[in-house]
Structure formats: structure tokens, C-alpha cells
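Undergrad: Predicted model follows, preceded by the sequence.
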Amino acid sequence: MPHKTRPMAALVLFIGLNAVLVSTIEPVYDFVCFLPFWERRSFIFGSAMLFWLTFSSFSLESLHKEA
């Protein structure tokens, strides 16, 4: 005969586990989002984009004319 299922215990365990995971996600999110790596990356990407827009024959005005 199969073992007894306990739906209330499973529900409490599921909700408890979700509460623990939700409470731990904020520090992880803050740590990842505020790493200096992202600041450097956005600066480098912005500089490359500025260089590309400045020295390429492509311009944003050409996009508006074609549309």
C-alpha cells in the first residue's frame, strides 16, 4: 500500500521554502546589479557607440528618413 500523502504539510513546506527564497533574492540582486563590472561595461559600450555614431556614415537621421 502506498504511503499517505500529506497535502497540508506539503503546502506549508512549499510556502516556507518560497518565503526563504524570496527573502534571499534581494541581497543577491543588489550584489549583482551594483558590481563595478557593469559600470565599466556600460562606459566602454557607450564610448564604442559614440565612436561608431561619430565616425560612421550611418546616422540616426537616415533611420527617420527611410521610415
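TA: Perfect, thanks for sending it.
Undergrad: drop to CA atoms for contacts and neighbour counts, all remaining ones
TA: Will do.
Undergrad: Give me the next element, helix or strand, following the helix ranked longest in the chain.
TA: Using DSSP state H, we find that the single longest helix of the chain is helix 7-33. With elements assigned by DSSP states H and E, the helix or strand that comes after helix 7-33 is helix 36-55.
Undergrad: what's the angle between that next one and helix 7-33?
TA: Counting by axes from the mean of the first three to the mean of the last three Cα atoms, to 10 degrees, helix 36-55 lies at 50 degrees to helix 7-33.
Undergrad: chain center to helix 36-55, what's the gap?
TA: 19 Å (Cα atoms, centre = their mean, to the nearest Å).
Undergrad: Please name every helix or strand in contact with that helix.
TA: If you count contacts as 3 or more Cα pairs under 8 Å, 6 or more residues apart in numbering; DSSP states H and E, helix 36-55 packs onto no helix or strand.
Undergrad: Going forward, count from 188.
TA: Got it, the first residue is 188 from now on, which makes the last one we talked about helix 223-242.
Undergrad: For that helix, the averaged confidence score.
TA: In this model, helix 223-242 has an average pLDDT of 72.
Undergrad: Ok, stretch 196-208 next?
TA: Here the average pLDDT along stretch 196-208 is 93.
Undergrad: Dump it to PDB, keeping only the CA atoms.
TA: Taking C-alpha atoms only, stretch 196-208 is exported to PDB below (Å, rounded to 0.1, in the frame of the first residue of the first chain):
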ATOM      1  CA  ALA A 196       2.400  19.600   5.200                       C
ATOM      2  CA  ALA A 197       3.500  19.900   1.500                       C
ATOM      3  CA  LEU A 198       1.700  23.200   1.200                       C
ATOM      4  CA  VAL A 199       3.400  24.600   4.300                       C
ATOM      5  CA  LEU A 200       6.800  23.300   3.200                       C
ATOM      6  CA  PHE A 201       6.300  24.900  -0.300                       C
ATOM      7  CA  ILE A 202       5.200  28.300   1.100                       C
ATOM      8  CA  GLY A 203       8.100  28.200   3.700                       C
ATOM      9  CA  LEU A 204      10.600  27.400   1.000                       C
ATOM     10  CA  ASN A 205       9.300  30.200  -1.200                       C
ATOM     11  CA  ALA A 206       9.400  32.700   1.600                       C
ATOM     12  CA  VAL A 207      13.100  31.800   2.300                       C
ATOM     13  CA  LEU A 208      14.000  32.100  -1.400                       C
END
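Undergrad: Okay then, goodbye and thanks.
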